[in-house]
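[1] Predicted model, plus sequence, below.
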4 protein chains.
Amino acid sequence: MANKSKPIPSLVKDPELVKIRRGQIIRAAVDLFVEKGFHKTTTREIARESGLGIGTLYEYIQSKEDVLYLVCDFIHSDVEQKLDELMTHGHTGRETLISAIRDLFRVMDDAQDHVLLIYQEMKSLPSDMLRYVLAKEEEITSRFERILERGIQDGSLKLEPGSVKLMAHNIVVLGQMWTFRRWILSRHYTLEEYIEHQTSLILQGMTAVDEVSKK
Amino acid sequence: MANKSKPIPSLVKDPELVKIRRGQIIRAAVDLFVEKGFHKTTTREIARESGLGIGTLYEYIQSKEDVLYLVCDFIHSDVEQKLDELMTHGHTGRETLISAIRDLFRVMDDAQDHVLLIYQEMKSLPSDMLRYVLAKEEEITSRFERILERGIQDGSLKLEPGSVKLMAHNIVVLGQMWTFRRWILSRHYTLEEYIEHQTSLILQGMTAVDEVSKK
Amino acid sequence: MANKSKPIPSLVKDPELVKIRRGQIIRAAVDLFVEKGFHKTTTREIARESGLGIGTLYEYIQSKEDVLYLVCDFIHSDVEQKLDELMTHGHTGRETLISAIRDLFRVMDDAQDHVLLIYQEMKSLPSDMLRYVLAKEEEITSRFERILERGIQDGSLKLEPGSVKLMAHNIVVLGQMWTFRRWILSRHYTLEEYIEHQTSLILQGMTAVDEVSKK
Amino acid sequence: MANKSKPIPSLVKDPELVKIRRGQIIRAAVDLFVEKGFHKTTTREIARESGLGIGTLYEYIQSKEDVLYLVCDFIHSDVEQKLDELMTHGHTGRETLISAIRDLFRVMDDAQDHVLLIYQEMKSLPSDMLRYVLAKEEEITSRFERILERGIQDGSLKLEPGSVKLMAHNIVVLGQMWTFRRWILSRHYTLEEYIEHQTSLILQGMTAVDEVSKK
DNA sequence: CATGAATGAGTCTTCATTCAT
DNA sequence: GATGAATGAAGACTCATTCAT
């Protein structure tokens, strides 16, 4: 919840200005990275699209990889924020989970290019920055862990303790899968169909026998 | 099943020699790409590790991207071959599925660096090559589709038709997830635990109600 | 008359600086091309002789062929400018022609290495640049067309209309011939002798019969 | 008349075979050089088009420049041979000259690509080979010198002795001009018109006054 | 004599980064 | 703080030539 980001040093002292300029940089870089990938995007292009001179760009970052980090950090924050806005609390853990899955998948769809970007370029980060990005990844997963645990406690979800973490990862990865297997999935399913089927598959595995029987 | 690969032109005529030298090249490149990534590996390094001169390297490929394609193609073939060797047929579709999942996940673990490599560098392929690689990806997935269908037919698996394809993708992606979330998963699960839990989660969603009751 | 040159893009914005640096580049390249030819001159040599880093060189051009174009353009402009300075107007077209031939041939002699350079390397230009260079070549020829026409009108030169263009080309080519057959011509003629004989040969063909008789 | 060519060493001893193979090489190289120029043609291409292996090619030459020399030598011989076949002797020197000019220009037109090739690539020859090629160039010119002298002697041509050599060069160069200014000349003149106008311009300068009067 | 695989020096060009203004 | 000209290390790729078979 407390999202620590690695502070990227800037030569410029005024923090407000740094925020503004980095906003420009991130906006430009996201689009360029999505379009051409990190390696094929040049710092000059980033500067130009940011509306800054190349020299100015380097007043706010120290290396091209800093930009990648800022972008990854921004996308993660953006995803988290969107999840925060949506995530409503149902009565039971199960209800909350159903709507959380729907929310997550919609956010993934909404930000598909960005999510895919992180997926494909993350490995280009220097390892110290990578750690921070992975931590954010874990943080999103842990949200689902918490929901699952609530469901187990209130009896609306049945899941052995050892599988909780795994199920949380599964849910998040199945969300991301919508972006990185989109080339084939979109041929067979709309987003809503995808949500419906996946939710159903996920929940069936966590439904108490007696509840199944009742149906 | 018939895996067509895009033929990469070579200046050398003797096909046997081409096979040998490309073997050297692939072996060298796989290691280098795993270690430093495609972009940070130079053609000279590939040549040196292959035991060839840089000129000789280019007798067997036309561009650096050709090497990436050869590598992806090799890894896919390797994975498929390993699956072929393992994949035993159980009596029921369900039994076959259980062992197929185990086989798949073990192969993924075995070739984890290679699978991860494909995942991270695939996007650097020119689009015509990418098509071939994606086709192989689809081919692996369709193996599981076929198993699922057999299980549905023999009544050992319960799954609505519209979810078959999706479930197949899920299984494959959960296999790959073992490679690309290894940094966190391995903290909590061994491979065998991972297999066990995932198999259990996957199957629970496909178990007929009455069968559940019987237990 | 209005000599349009193809604008070569530069990454550097300041037009004054571009002019200065390109001046350095052209000066260096002319010498190198004269000495070793276009193909055997490397971009690094051009950079070094220009007093620039190789990176800096490419801030002012986009390809090696751009340098060739700049050089050709420069030489043509230089030749034209020298012709402009010299070309005096005699009373009659005939008088003008005589001094124009002398001027042309002297300029050719003066810039022999450069003229020869254009002759030998022009074909290495990409076709769009070639068009511009050929247009300049035509422009120089048309100067002589105009002089010839004046001579025909004032009666000092006799030439059927269909031969005007041809004669203009002849004159220019005979001027260039002094550069590309220099290896043999200079054994038999000095520049002034060459001018004298050629002028005489050229004019005899354009002298009215009665005027000949009068002599 | 005795055309000495520089002997190019060959590893193959049988002179008949050398002649055959070099014939193949020259035929292939001429076409390639015309199409793409000497520098942009690779030895591999020459070998392939010759129907030889690259190794075999080097059994018959010692360097790529040897091929250029063979080609230049071949073209010159070809031009000379064609001139030999055509050059008829008129009664007077003047008549001979008129038909010689026509023959020369027609040969130039016929072999325009080849003539242009020599013109553009000659400079790439090593200086010792260049000497031989220039000697052939001189030899062709001297044919016209001889005709001119005959015309002077039989009184059918009027030309001061100091201009004979020059006039011979002029005629040859005006013939070559048909190839290297073809881009513009062909817009205004057909070959026959070109021949007619040039012959007329050339001869007018060499016509005795009294003869002019007689007409 | 014929072949073609092997070679590596050499080529053009790119691009992240710096620093003087 | 902003700028952009300068830089050169590094990269992908080519090609004339050789030599073992």
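    Great, that's in hand. Residues are numbered from 1 along each chain as shown, chains lettered A, B, ... in the order given.
[2] ok, A:Phe74 - contacts?
    Residues near A:Phe74 by Cβ atoms under 8 Å, 6 or more residues apart in numbering or on different chains: A:26, A:30. Using the backbone N, CA and C atoms, a C-beta is placed for each residue, glycine as well.
[3] Now do the end-to-end distance for stretch A:151-170.
    17 Å (Cα to Cα, to the nearest Å).
[4] So which bits of it are buried?
    A:151-152, A:156-159, A:163-170 (16 or more other Cβ atoms under 10 Å in any protein chain shown).
[5] for stretch A:130-148, same thing?
    Buried, per 16+ other Cβ under 10 Å, within stretch A:130-148: A:130, A:132-134, A:136-138, A:140-141, A:143-145, A:147-148.
[6] does any part of that stretch sit near chain B?
    Yes - contact between stretch A:130-148 and chain B, assessed by Cβ under 8 Å from any Cβ of the partner chain, occurs at A:134, A:138.
[7] now the lengthiest helix in chain A, how far from the centre of its chain.
    If you go by DSSP state H, chain A has its longest helix at helix A:127-153. How far helix A:127-153 lies from its chain's middle: 10 Å, per Cα atoms, centre = their mean, to the nearest Å.
[8] What is the following helix or strand past it packed up against?
    Counting by DSSP states H and E, the element after helix A:127-153 in chain order, helix or strand, is helix A:164-180. In terms of contacts (3 or more Cβ pairs under 8 Å, 6 or more residues apart in numbering or on different chains; DSSP states H and E), helix A:164-180 is packed against helix A:93-110, helix A:112-121, helix A:127-153, helix A:191-204, helix B:161-180, helix B:182-188, helix B:191-204.
[9] Just the mean pLDDT for helix A:164-180, thanks.
    Helix A:164-180 shows a mean pLDDT of 96.
[10] any idea of the angle it forms with helix B:191-204?
    Helix A:164-180 runs at 70 degrees relative to helix B:191-204, counting by axes from the mean of the first three to the mean of the last three Cα atoms, to 10 degrees.
[11] Return the distance of helix A:164-180 from the chain's centre.
    11 Å.
[12] And stretch A:147-156, by the same measure?
    With Cα atoms, centre = their mean, you get 24 Å for stretch A:147-156.
[13] any idea of the mean pLDDT in that stretch?
    93.
[14] Do I have it right that A:Thr43 meets A:Lys64?
    Yes - between A:Thr43 and A:Lys64 there is a contact under Cβ atoms under 8 Å: 5.4 Å.
[15] Please list all residues in contact with A:Phe38.
    Per Cβ under 8 Å, 6+ apart, neighbours of A:Phe38: A:68, A:121, A:124.
[16] For DNA strand F, what's the nearest residue on chain A?
    A:Gly55 (1.8 Å; Cβ to the nearest atom of the strand).
[17] Quick check on that residue: phi, psi?
    Dihedral angles of A:Gly55 (phi, psi; degrees, to the nearest 10) stand at phi -70, psi -40.
[18] how much space between it and chain C?
    Counting by Cβ to the nearest Cβ, to the nearest Å, the gap from A:Gly55 to chain C is 13 Å.
[19] sorry, back to before: compare the contacts of A:Phe38 and tell me which is most surrounded.
    Among the contacts of A:Phe38, the one with the most neighbours (other Cβ atoms under 10 Å in any protein chain shown) is A:Leu68, at 24 neighbours.
[20] remind me which residues of chain A are low pLDDT?
    A:1-3, A:207-215 (pLDDT under 70).
[21] The closest residue to chain C within it: how many residues sit nearby?
    Per Cβ to the nearest Cβ, A:Arg44 is where chain A lies closest to chain C, at 8.6 Å. Neighbours of A:Arg44 under the rule other Cβ under 10 Å: 12.
[22] go on, the one 3 residues further on?
    Residue crowding around A:Ala47 was assessed by other Cβ under 10 Å; the count is 19.
[23] likewise A:Gly175?
    Number of residues near A:Gly175 (other Cβ under 10 Å) recorded here: 24.
[24] before we move on, what about the one 5 residues further on?
    Taking other Cβ under 10 Å as the criterion, the count of residues near A:Phe180 is 20.
[25] what sits against it?
    Residues in contact with A:Phe180 (Cβ under 8 Å, 6+ apart) are A:116, A:119.
[26] Could you check how far whichever residue of chain A sits closest to chain D is from B:Ile54?
    Nearest to chain D in chain A, going by Cβ to the nearest Cβ, is A:Lys40, at a distance of 28.9 Å. Distance, A:Lys40 to B:Ile54, using Cβ to Cβ, to the nearest Å: 23 Å.
[27] same thing with A:Lys13?
    Applying Cβ to Cβ, the value for A:Lys13 to B:Ile54 is 48 Å.
[28] Who has more neighbours out of those two?
    Each of A:Lys13 and B:Ile54 has its neighbours counted (other Cβ under 10 Å); B:Ile54 has more, 14 against 7.
[29] List the contacts of the more buried one.
    So B:Ile54 contacts B:43-44, B:47 (Cβ under 8 Å, 6+ apart).
[30] As JSON lines, the helices and strands packed on helix A:164-180 with distance to DNA strand E would be great.
    Formatted as JSON lines, the helices and strands packed on helix A:164-180 follow (distance: least, Cβ to the nearest atom of the strand, whole Å):
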{"stretch": "helix A:93-110", "distance to DNA strand E": "29"}
{"stretch": "helix A:112-121", "distance to DNA strand E": "13"}
{"stretch": "helix A:127-153", "distance to DNA strand E": "13"}
{"stretch": "helix A:191-204", "distance to DNA strand E": "35"}
{"stretch": "helix B:161-180", "distance to DNA strand E": "26"}
{"stretch": "helix B:182-188", "distance to DNA strand E": "25"}
{"stretch": "helix B:191-204", "distance to DNA strand E": "38"}
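[31] Is it possible to get CSV of these that adds distance to D:Gly175?
    Listed next are these as CSV, based on distance: least, Cβ to Cβ, whole Å:
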stretch, distance to D:Gly175
helix A:93-110, 75
helix A:112-121, 65
helix A:127-153, 72
helix A:191-204, 76
helix B:161-180, 74
helix B:182-188, 78
helix B:191-204, 84
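[32] So for D:Glu95, which of those helices sits nearest?
    Minimum separation from D:Glu95 across those (Cβ to Cβ) falls at helix A:112-121, 82.4 Å.
[33] Can you give me the buried ones in that closest one?
    For helix A:112-121, by 16+ other Cβ under 10 Å, it's A:112, A:114-121.
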